[in-house]
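J.: Model the structure of this input:
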Amino acid sequence: MFESGKSQATDIKEFFGTYKGFTPIDDGILGYGELELTINESQVSFSKATGSAISVREFPTSMLVPLTKAKTRSYFQQGIKNIDTYSGFQANGNQYIFIPNATDEEFGLVILGYSANMRGPTIMFSPSQIIAGTYETLFRQIGNFIPQLIYDGKIPPEKN
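T.: Next comes the predicted model:
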């Protein structure tokens, strides 16, 4: 995987795997829904809990074009630790910023783009963070208000 101290990666293969997180939506109390994104050799696929259903979309991995280091840096405030290791790609008007070796206080992937510019970014946990339980811990704390994929894209039913 990606080693600390290296400069940004320009090969999307470094980031193959499944990411989970939250994305802006029109439905839901918090205005966010659960998102699962999988990147492999052939495609990037999204499954999003919209509040009323699950929305699925895909595009070929070959559409992801690396961003320059300067462009990747431009999306963040100055002084961020390890920013030179962040790797950016773009496709379909969105920017995908990967944060290698993200800690529990960081996200493994931030997606900036169309709806994110209006309501906030899409924030995701990396495959290693998911395995470590970071995503599950946060989701347990706030998940009852967010549409979830396991509930067919809707907010979880209330417990009696």
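J.: ok, which stretches of this structure are strands?
T.: Here the chain has its strands, by DSSP state E, at 17-24, 32-39, 43-49, 54-60, 65-66, 87-91, 94-98, 109-112, 122-125.
J.: Turn those strands into JSON lines, including mean neighbour count.
T.: C-beta: built from backbone N, CA, C; applies to glycine. What follows is the strands of the chain, written out as JSON lines (neighbours: other C-beta atoms under 10 Å):
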{"stretch": "strand 17-24", "mean neighbour count": "22"}
{"stretch": "strand 32-39", "mean neighbour count": "22"}
{"stretch": "strand 43-49", "mean neighbour count": "19"}
{"stretch": "strand 54-60", "mean neighbour count": "13"}
{"stretch": "strand 65-66", "mean neighbour count": "14"}
{"stretch": "strand 87-91", "mean neighbour count": "22"}
{"stretch": "strand 94-98", "mean neighbour count": "22"}
{"stretch": "strand 109-112", "mean neighbour count": "21"}
{"stretch": "strand 122-125", "mean neighbour count": "24"}
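J.: Any idea which of those gets closest to E158?
T.: Proximity to E158 (C-beta to C-beta) singles out strand 43-49 among these, at 16.9 Å.
J.: Show me the shaky parts of this structure.
T.: 1-9, 27-30, 114-118, 143, 159-160 (pLDDT under 70).
J.: rewinding a little: any chance of JSON lines for the strands of the chain, columns distance to D11?
T.: Below are the strands of the chain laid out as JSON lines (distance: least, C-beta to C-beta, whole Å):
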{"stretch": "strand 17-24", "distance to D11": "14"}
{"stretch": "strand 32-39", "distance to D11": "12"}
{"stretch": "strand 43-49", "distance to D11": "15"}
{"stretch": "strand 54-60", "distance to D11": "16"}
{"stretch": "strand 65-66", "distance to D11": "8"}
{"stretch": "strand 87-91", "distance to D11": "9"}
{"stretch": "strand 94-98", "distance to D11": "11"}
{"stretch": "strand 109-112", "distance to D11": "16"}
{"stretch": "strand 122-125", "distance to D11": "19"}
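J.: how far away is the most centrally placed residue in the chain from Q78?
T.: With distances taken as C-alpha atoms, centre = their mean, the residue of the chain nearest its centroid is M124 (3.1 Å). The gap separating M124 from Q78 is 23 Å, by C-beta to C-beta, to the nearest Å.
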